[in-house]
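**Student:** Structure for the following, please:
(2 chains)
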Amino acid sequence: MVKSEIEAGYSLNKQKKKNRFLRYLQRDWQLYVLMVLPMLFILVFKFLPYSGLSIAFKDYKVAKGYAGSSWVGFSIFHKVFGKRDFGQALTNTLLLNILDLLFGFPMPIILALILNEIKNRYFKSIMQTLLYLPHFLSWVIIGGIGYSMFSVSSGVVNILIKNAGHSPVPFLQENTWWLISYVLIGVWQSMGWGTIIYLAAITGVNSELYEAARVDGAGRLKQCIHVTLPCIRSTIVTLLIMNLGKLMGGSFERVFALANAKATQYTTTIPVLVYRWGIESGKFSEATALGLFQSVIGLALVVAADLIAKRLGEDGLI
Amino acid sequence: MRKRISLKRAAAWGTIFAMTAGVMSGCSAKKDAVVSVEEKKIEETAQTSEAPSKTEGKSYTDYSKGFPEKVTIKIPVYDRGFEGWDPANNYYTNWIQKEFGDKYNVTVQYVAINRQKEIADYMQMIAAGNAPDIIYHYDMPQAVNYNSEGAMQELDLDEIKYYAPDYYKNAEKIINQYGKLDGKNTFFFAQRNPIYYNWVTLIRQDWLDKVGKQKPATREELQEAAKAWKEAGLGKLGAQIVNKSYTYEYPFISSSPDKKELNLYLDLNVAPLTWSATKAYLKTTNQEFNDGILDPEFYLNADDAAWKADFVAGNVGTYSFYLSSNTDVISSLKANDPGAEVSVLSPTAMSPKDSHPYYYKYPPYGMIMGINSKTDEKQRAAVWMFLNWMSQPENLFYLQNGVEGANYTLDADKIAVPVKDFKGESKLSNNNNKDYWCLVTEMTDYGDEAKNLTANTRMLAPAGYEDLVKQSYDYAKEVEQYGLISPIFTKSVASTGEYAADLTAMWQEFYVDMITCKPEELEAKYEAYCKEYLDNGYQEILDEKQKLIDSGDFIAQ
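**Tutor:** Residues are numbered from 1 along each chain as shown, chains lettered A, B, ... in the order given. Below you'll find the predicted structure:
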């Protein structure tokens, strides 16, 4: 008796919901129609490509296509994990990205705080423009500039060092030096652009807080540490979570443009392997399997970081 | 208010109409396509039953009067990035369409393939199902790879013979000898009557004169000259990184090579790191590096342009390249250093004095081609007819030389004399239209060596430097007997496709390290690297090749 009442209530509820949806549809159908195109866009360009991931589980032959190639289960993954370069690529990818996170992540914050302290408007905008500039250079160009500045025999910097009577430094042509140059060049390229979001967040800080701090006797540095930084903390955490997701990825162009055959210890990374297998030798299955592996780990890292952030009382991302 | 609502409504209806129309047109276009394919099929069967002609039990439809329905064939053409040159639409593609296409009711559609990344280009087109009807490559291992991807179809030689009798007559021997893969007729070829004197190494003659040295004839003499250059503060020996088309080891093959070793190790696609010839090469080059006579940053020269820049700037005194009349290397060098003089270095100067100047010899074919697995019977017929048309001497001559009186004049021996710096509308591409006529032959051929030399000199030498071609020709004659053709397997070597890219990355890392290390470290490094190389795929390749050699599945030279 009670059960059937509940069921009846439930179905009534369902019916109501359905009616409500129809009512909304009738009332706002124009809006729904307008939504069709963006939805289609997402479907075609975001969800449909997932079907391509199937080739990670197939012996994919280009001429046979997705449907014609035979399924092989996880054997492609076994093969990929067994390759000599896989382990190296994994450690290198993590190493390069962790270094990037350590040195590249705090730099825009520091820079944004410094820029925020500049009071002359013109000087500030000139500084900002100059700092944004490297972001717009492609890695191929930066690679070219890098070699003409830092190569041992013909780099400008090394010629200066030699003229000063010292022996040249193999900035890009020795493994450890290469790693240092890689990180520093990356920081130089991205730090200016990274400040934009922080500067926007800083603008949103209530100016009364600064006034109160000043009344309490806080100087510029103290204001920075006790007002500005706590106010932009959620922005920092959001960006940190997003950056953690990139730990397994990283830029292919950056490594490729800066790599050379002499310093190779750190230049085999996952994106480089995907390029070598997928584009250079047409082994699409292996490249896809590696890319899928990378994405799954990347997703797991983001989710984990998000959980930790929530535990620590932040808003999180997802 | 009412007006606003109706406006809104009109806008909404407009959007709906546009979207529906879009969706409908998408569907209906597909429908049309389906219908037309079906119609085509019906028509095809009707036509094929029209007038079949028989050749040894098989029947082929005669299209010599032209196809009843328009047939479109897609022909690949290398895009080498020549400035101001559209490889797929220019004077000559239009001429081909007019002379061949319109005559036989065929649309000849050229598909540009980026020469620098042709494999990626091809692979993507094969995957998308819109690859050209001819799939080609200059080297056998990659042509075999395309086939093992399922991109090519089996050929019917009688069909070629029927539709392209003249082409087939020229190519029959090489098709029969090299065209079979895994027992099936797979490849057809362009002819190659090889010349070796277009690949030259230039050396700074003025530097040699300055240090009072003769032109080197052995590796040792080359090193002596380079040491003298170093002392005089001139420059070093040039080089570029070796990471493809592995022929570096040829000058270091021992003077009485073991045939078995040659068959096993010679391979354009995989560097034979573990072979004694490689060890000899590494030892010599390591010594040169440590003596300070080799460009210390040779490994940064990832392409020809970088080495060329070093040569033009006067940093290095040697530079190897394909000589052609429009090269700017000599003029740029002269602009930089008016006193610069160049001459051709003998190939013997690459080999140590106790070994022979072996070199990579081309097989007797040029372009290796297969028919796309998606190409249908009519398109195939049109491709064969196209090859036959191009094989006609007058058509070939036109493609190779252009318009008489504009691009060239004929001398007394009927050899073309190109008009220097011709800029008219019938200007040839920067490599003399080679990428169009490479389908039937790799070289211009007047049927006589002396005539060929005259013609080639005109094509290869920059104005005023005809002597370079002569020098190169004489050297090529001198070492003619030392050409070695790498073995051609008649079955695909699967492990090569599997490991080649990874081994290349390894090779690059290892060999640069072994050349730039201290001489006393070389031996230990070599052993460790060989082991790693073998463990990561090379042993598998050697085993597979050995098996094919043992079972006779390769063409002995």
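
**Student:** Does chain A have contacts with the helix or strand hosting residue B:147?
**Tutor:** Assessed by DSSP states H and E, residue B:147 sits inside helix B:140-148. Yes. Against chain A, helix B:140-148 shows contacts by Cβ under 8 Å from any Cβ of the partner chain at residue B:145. In short, each C-beta sits where N, CA and C put it, glycine included.

**Student:** Name the nearest residue to the spatially most central residue of chain B, sequence neighbours excluded.
**Tutor:** Computing the C-alpha centroid of chain B and ranking residues by Cα atoms, centre = their mean puts residue B:138 first, at 4.2 Å. The shortest distance from residue B:138 to any non-neighbouring residue, by Cβ to Cβ, 6 or more residues apart in numbering or on different chains, is to residue B:367 (6.4 Å).

**Student:** residues touching the closest residue to chain A within the stretch 301-450 of chain B, list them.
**Tutor:** Nearest to chain A in the stretch 301-450 of chain B, going by Cβ to the nearest Cβ, is residue B:373, at a distance of 5.5 Å. By Cβ atoms under 8 Å, 6 or more residues apart in numbering or on different chains, the contact list for residue B:373 reads A:63, B:150-153.

**Student:** With respect to residue B:353, which of these is nearest?
**Tutor:** For those, the minimum distance to residue B:353 (Cβ to Cβ) is 46.2 Å, reached by residue B:152.

**Student:** Just give the closest residue to residue 95, not the sequence neighbours.
**Tutor:** Reading this off chain A. The spatially closest residue to residue A:95, leaving aside those adjacent along the chain, is residue A:266, at 6.8 Å (Cβ to Cβ, 6+ apart).

**Student:** Chain B is the one I meant
**Tutor:** residue B:398 (7.6 Å).

**Student:** For the stretch 101-250 of chain A, which residue gets nearest to chain B?
**Tutor:** Closest residue of the stretch 101-250 of chain A to chain B, Cβ to the nearest Cβ: residue A:153 (5.4 Å).

**Student:** how much space between that residue and residue B:511?
**Tutor:** 20 Å (Cβ to Cβ, to the nearest Å).

**Student:** Residue 234: helix or strand, and which one exactly?
**Tutor:** In the absence of a named chain, chain A is used. With DSSP H and E as the criterion, the answer for residue A:234 is helix A:233-244.

**Student:** switch to chain B, that's the one I care about
**Tutor:** For residue B:234, there is no helix or strand it lies in under DSSP H and E.

**Student:** wait, what's in contact with the closest residue to it other than its chain neighbours?
**Tutor:** Excluding the flanking residues, the one nearest residue B:234 by Cβ to Cβ, 6+ apart is residue B:207, at 4.9 Å. By Cβ under 8 Å, 6+ apart, the contact set of residue B:207 is B:229, B:232, B:234-235, B:317.

**Student:** got any ranges where the chain has weak pLDDT?
**Tutor:** Chain wasn't specified; assuming chain A. A:1-12 (pLDDT under 70).

**Student:** you looked at the wrong chain, it should be chain B
**Tutor:** Per-residue confidence for chain B (pLDDT under 70) gives these ranges: B:1-57, B:194, B:557.

**Student:** and it, which residues reach chain A?
**Tutor:** B:8, B:12, B:15-16, B:19, B:117, B:119-120, B:123, B:126-127, B:129, B:145, B:149-151, B:241, B:243, B:296-297, B:299-300, B:315, B:373-374, B:497-498, B:500-502, B:505-506, B:508-509, B:512-513, B:516, B:532, B:535-536.

**Student:** Can you show me the helices along the stretch 401-550 of chain B?
**Tutor:** Using DSSP state H, counting those that start in this stretch, the helices of the stretch 401-550 of chain B run over B:434-437, B:449-460, B:466-478, B:494-516, B:519-533, B:539-550.

**Student:** Give me whichever of those is most buried.
**Tutor:** Sort those by mean neighbour count, taking mean count of other Cβ atoms under 10 Å in any protein chain shown, and helix B:434-437 sits at the top with a mean of 23.

**Student:** Can you tell me what sits against that helix?
**Tutor:** B:77-78, B:80, B:87, B:92-93, B:96, B:390, B:396, B:399-400, B:429.

**Student:** surely residue A:248 meets residue A:298?
**Tutor:** Yes. Contact between residue A:248 and residue A:298 holds when scored by Cβ atoms under 8 Å: they sit 4.6 Å apart.

**Student:** still on that earlier bit, for residue B:416, see how far away the residue nearest to residue B:95 is.
**Tutor:** Going from residue B:398 to residue B:416 by Cβ to Cβ gives 11 Å.

**Student:** go on, residue B:549?
**Tutor:** From residue B:549 to residue B:416 the distance is 45 Å (Cβ to Cβ).

**Student:** ok, now how distant is the residue most central in space within chain A from residue A:100?
**Tutor:** Centroid-nearest residue in chain A, with Cα atoms, centre = their mean: residue A:246, separated by 4.3 Å. According to Cβ to Cβ, residue A:246 stands 8 Å off from residue A:100.

**Student:** quick revisit: the residue nearest to residue B:234 is in what secondary structure piece?
**Tutor:** Counting by DSSP H and E, residue B:207 is found in helix B:205-210.

**Student:** List the buried residues for that helix?
**Tutor:** B:205, B:207-208 (16 or more other Cβ atoms under 10 Å in any protein chain shown).

**Student:** between those residues, which is closest to chain A?
**Tutor:** For these, the nearest to chain A is residue B:207 (18.8 Å; Cβ to the nearest Cβ).

**Student:** Roughly how far does the closest one sit from residue B:353?
**Tutor:** Counting by Cβ to Cβ, the gap from residue B:207 to residue B:353 is 22 Å.

**Student:** can I assume the residue nearest to the centre of chain B is in contact with residue B:363?
**Tutor:** No. Residue B:138 is beyond contact range of residue B:363, at 10.6 Å (criterion: Cβ under 8 Å).

**Student:** before we move on, the earlier item: show residues contacting the helix or strand that the residue nearest to residue B:95 is a member of.
**Tutor:** Using DSSP H and E, the element containing residue B:398 is helix B:393-401. If you take Cβ under 8 Å, 6+ apart as the criterion, helix B:393-401 is touched by B:92, B:95, B:99-100, B:389-390, B:407-408, B:416, B:418, B:428, B:432-433, B:436-437, B:440-441, B:444.

**Student:** Which positions within it qualify as buried?
**Tutor:** Buried, per 16+ other Cβ under 10 Å, within helix B:393-401: B:395-401.

**Student:** Ok, stretch A:193-213 next?
**Tutor:** Buried, per 16+ other Cβ under 10 Å, within stretch A:193-213: A:194-195, A:197-199, A:201-202, A:205, A:210, A:213.

**Student:** Residue B:72: neighbour count?
**Tutor:** When neighbours are defined as other Cβ atoms under 10 Å in any protein chain shown, residue B:72 has 13 of them.
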